[in-house]
Structure formats: C-alpha cells, structure tokens
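K.L.:
Build me a structure from this.
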Amino acid sequence: MSRAAEPVASAPATAASLPAAAASAPAINAAALFSQHCAACHGTQRLGGMGPALLPESLERLPKAEAARVIRNGRPATQMQPFGGDAGKLGASEIDALVKLIYTPVEPRPQWTDADIRASRLETAGAAKWPAKPQWSADPHNLFVVVEGGDHHVSLVDGDKFEVIHRFASRFALHGGPKFSPDGRFVYFGSRDGWITKYDLYNLQVVAEVRAGINMRNVAVSGDGRYVMAGNYLPHSVVLFDADLQLIKSYPATTLDGTQSSRVSAVYDAAPRKSFVVALKDVPELWEISYDPKAAPIFNGYVHDYRMSEAIAERGTFGVRRTPLEAPLDDFFFDQSYRFAIGATRPAAGTEAAQGQVVSLDARRRITSIDLPGMPHLGSGITWAWTAPDGHQTTVLASPNLRDGVVSIIDMQTWQTIKQVKTLGPGFFMRSHEASRYAWVDAMMSPANKNKLLLIDKTTLEPAATIEGPPGKTLAHIEFTRDGRYALASLWEMDGALIVYDAQTLKEVKRLPMSKPVGKYNVWNKISRSEGTSH
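P.N.:
Numbering: from 1, shown residues only. Just a heads-up that it's a prediction; the model follows:
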C-alpha cells in the first residue's frame, strides 16, 4: 500500500493539535495482521507450522530488534519473505505491533498432546534400505557436524582435509548440542520449537522428524541407540521415543501428587546405568528413567520391606525414580562412574553464588555441596586426570561461568574446590582432549574480551596462553579433531567462520566461512565420550 510522507514538526505535536483524522486513527490490530500475513506459515495460534513457533518461550534468544529486522527484511535462503522496505506490505508501526504480539504469551497456555505428537511425525520413504556405509570419501568418525545459526543450516566438515562435504537446511533455532547414535551413523537435532530431526550422515538425508513439544530444552539418545528422550519447557513434559521417533510415552513434569508442574532443565543419557537423568527447573527433584528391561521396580512412598511387597510398585523400566533435592537444578554433569550428578541452581536475586549440589543417583539424595561462584555452566564442564603437587592423584571437574570471569576446578574425590582460575571474562564453553595439555575456555559474555580464548595448563592449573581473534568479534566453542591434533573455534558472527588451530603450536591453519557457527561436534569425541568434551 502507498503511504504519504510524514510532515516534519518543529515542536512535539499534541493530540489536540493533530488533525481530527489523525487524532482518531484506530489502533493497529496486530492479531489481524498476523492472521493475514503470518498464520499460514506460523499457525493461527503461533505454535508453528511451515515456519517456527512465535511464542515468548521460543523467542527468548532472539532480541526484539532482530525479530523486527527479520519481519522487515526476511531471511535469505528460507521461505520467510520481506514485509517491509521495498516490499511495502507493512509499515514500521505495523512491524512493531507484530513484534509486540509475538512476544506476548498465548492465553490459555498452549497444549501439545500425544495425539499432536503422533500427527506431527514425518518420515522419508525407503530410508530402511539406504546403504549402511558412507556415500562419501572421508573418515566418518572424524566428521564435524556444524550448526550454523545465522541462516539455519548444518554443515558437515571433513576433519582431515577441513573441507565441507555437505550443507543442508535445518529447523529453526537448533539447540547447539546434537546427539549421535552409538555407531556415529545417525545424528539427532533438537530445535527450540520442539522438532527432533533424525539425520543419516552416511546417506546425507533426513530419516524422520517429530515435534515433541512447543518449546523444547534438549534431547538425549540412549547408550544402546534404541531410544530418544526430549525435555520440554512448553508443555511441562518429558517425552520418550524409539530410535525412529515413534512415540513410546510422555511424562508430565509434575510432583508425584500432581500439584506442582515444572519446565525441564535438561535431560542426559547415563549409558552405564542404562537410563536417562532429568533435571526439573521449577521443582526440587532429579528424575532417573531407566530403559533397562531388567530395571528394579520403583517404590514411591514409605516401604517397610520391599521384598514382602509392602507397597505398590511402579514398573522399573520406563518408570520415574525420583530424588528429592534442596533446590531445583538448572543444569548438571556426571562423574566418570555415572554414580553422581553434579548440578547447580541459578543464584537467587541478591545472592553472589549458585548452590552447587552433588547427588548420589544410587542413594537418591544430595551427599554434599560444592563451592561455586557466580553462575557456573556445568553442562559445558569437562574432566581430566590430575596429580597434585603432593602426589595426590584424582580426577578434576572444570566448569566455565556465565557471570564471573572464573573457571572452577573441583576434586571429584573430595568434592572440594582446588582452585578458581581467573579468566578473561564470563564464558559459555570449555573444551579439551586427552592429547592436549590445555583446557580451552572462551570469554564470549565479556564485551571487552569476547574475541579471546584462554588456555589453562591442565597440569599446573595456571593460565598458559591467549588466542586472539578479530577485534570486536566473538570467538567461542572449541572442538578437537579425533586425534586432538587440531582445535576448531567458532567465529560467532553472521559472516563468521570456523578457524582451525594447530593444538600444539597454537597457530591458525585454515578458515572456513560459516554463517554464525554456534557449535561444532566431532563424531568420535561424542560417541567415545571423550574426557575433553561435554556429554
């Protein structure tokens, strides 16, 4: 539609001084605009369709200014067309009204039922007959899966030649941590708006997809490769699938009596235990859901003697074994034995530190607390073997921190803090490798040092070197090649790149242009559960 140029006023106009037509101009009907321009792709209830869900829970990582830019200019290489500028479909005030609408909660709260989950499932015909070997020439275990958040694509990179083998479009806003089948053939992606995608890396095709929820936290794949579990923010649920993304069971994330409901903080696989472990964000409980067909029965409530069946037991396989906590866990990490979960609660308003907890999954209780400053990011923690100056040998856990410029190093035998290593600023990711003497940590939350990586000597626990990227740019998320010879970093920008470093000389080797590579994952390091990567 055409619009007349706005007059330039020499003084602020008041309602009384405006022409009658302007003073009485009707308010913009954002709902009508959404119905006309957006609903066909994003759903009438903003729950998503061809396009992603447009809800506050799904858009929490997208600034409103960026949302306005996308509406105005569209997204290249997607079906999101421009609505402002030369397109002339929407004016600035109309775009602002749409942005306000999509960041407003939907009432009543949207539901996503088992029937919705089953109806959403898509599969590619004939996938079961695809060849069971790579249809490309490279080491399949030294493959990097790179999530490019800038234009919602995934690149597959040969970890020997550092060349892109294939690139394909992904769902909107993938969660950074895809999960692999035990043999490394399949990778499962989870998107923030609830979609799980099973992708065949050997044949470079999507096998199946299903929508587990409306706003999903993350996914986990069982150690035997038979099951996939998703944790949701919306609805409050945990959802279990088989390896082909057929729904097995959904679990409301509530207390046993159903009176309290919670978002799901995280779900991870505990392969040696043949179980998934689930943290709840709003309820002080840690769940363990076994996929072992021989799992012991679960007795909820008081039992005098379980051998005499003095309580009604829940079936152990796929049942919820609850561990009560003092406070909910925002994220957590396992020790090498998978007997303990180490988690932290976000600091309460006005407090200086998170509440760190060590939880025994066998005893089903907290056994001790950990001294953790600021806001530790235990989900990106790593471990390594360490010998103290007095000869004491142990394994340490190191965690970056989202609020403070520090890495916490914890003795995993005594659960005591060995050292708080000062870094270049708050960081999100930490990585190492069995073959590397360094633990690499970013400072991506620091305005001044977000372009720098700090290397910590794993023997002395002292800062050893700094790697500096382009000024003003964000350098983050290290991942190593299978043999640990090279370290790849993300230049976390729309016109970004993967930067390959020699892990010993620390010299740059190569750059591969990428669109905001939010994360990269080496197949071998993930399926072998390398001590230098998060699990």
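K.L.:
any chance you could map the strands in the stretch 101-250 of the chain?
P.N.:
Applying DSSP state E, counting those that start in this stretch to the stretch 101-250 of the chain gives strands spanning 122-123, 143-148, 153-158, 163-169, 179-180, 186-190, 195-200, 205-211, 215-221, 227-234, 237-242, 247-252.
K.L.:
and the fifth one, what does it pack onto?
P.N.:
For strand 179-180, the helices and strands in contact under the criterion 3 or more Cβ pairs under 8 Å, 6 or more residues apart in numbering; DSSP states H and E are strand 186-190, strand 215-221, helix 523-527. The way it works is simple: take the backbone N, C-alpha and C, and place the C-beta from them, glycine included.
K.L.:
which of these is buried the deepest?
P.N.:
Across the helices and strands packed on strand 179-180, averaging neighbours per residue (mean count of other Cβ atoms under 10 Å) puts strand 215-221 on top, at a mean of 24.
K.L.:
list the helices and strands that one packs on?
P.N.:
Strand 215-221 packs on strand 179-180, strand 186-190, strand 195-200, strand 227-234, strand 264-270, going by 3+ Cβ pairs under 8 Å, 6+ apart.
K.L.:
Please tell me how far residue 504 sits from residue 161.
P.N.:
Separation of residue 504 from residue 161 (Cβ to Cβ, to the nearest Å): 19 Å.
K.L.:
what's the answer for residue 54, then?
P.N.:
40 Å.
K.L.:
Looking at the helices and strands packed on strand 179-180, spot the one closest to residue 95.
P.N.:
strand 215-221 (23.7 Å; Cβ to Cβ).
K.L.:
ok, residues contacting the closest one?
P.N.:
53, 55, 57-58, 175, 177, 179-181, 188-196, 212, 227-234, 263-269, 276 (Cβ atoms under 8 Å, 6 or more residues apart in numbering).
K.L.:
Hmm, residue 143 and residue 156 touching each other?
P.N.:
Yes. With contact defined as Cβ atoms under 8 Å, residue 156 reaches residue 143; the gap is 6.0 Å.
K.L.:
got a list of what the most centrally placed residue in the chain touches?
P.N.:
Centroid check for the chain by Cα atoms, centre = their mean gives residue 175 as the closest residue, at 3.9 Å. Neighbouring residues of residue 175 by Cβ under 8 Å, 6+ apart: 189, 190, 191, 192, 216, 217, 218, 219.
K.L.:
What is the neighbour count of residue 487?
P.N.:
Around residue 487 there are 26 other residues, counting by other Cβ atoms under 10 Å.
K.L.:
and the angle from whichever strand or helix holds it to strand 153-158?
P.N.:
Counting by DSSP states H and E, the element that carries residue 487 is strand 486-491. Orientation of strand 486-491 against strand 153-158 (axes from the mean of the first three to the mean of the last three Cα atoms, to 10 degrees) gives an angle of 160 degrees.
K.L.:
Give me the buried positions along the helix or strand containing residue 394.
P.N.:
Counting by DSSP H and E, the element that carries residue 394 is strand 393-399. Neighbour counts over strand 393-399 (16 or more other Cβ atoms under 10 Å) mark 396, 397, 398, 399 as buried.
K.L.:
Check the last one and give its pLDDT.
P.N.:
Looking at residue 399, its pLDDT stands at 94.
K.L.:
Do I have it right that it meets residue 407?
P.N.:
Yes. Here residue 399 reaches residue 407: they are 6.7 Å apart, a contact under Cβ under 8 Å.
K.L.:
Overlap of the contact sets of those two?
P.N.:
By Cβ under 8 Å, 6+ apart, the residues touching both residue 399 and residue 407 are residue 430.
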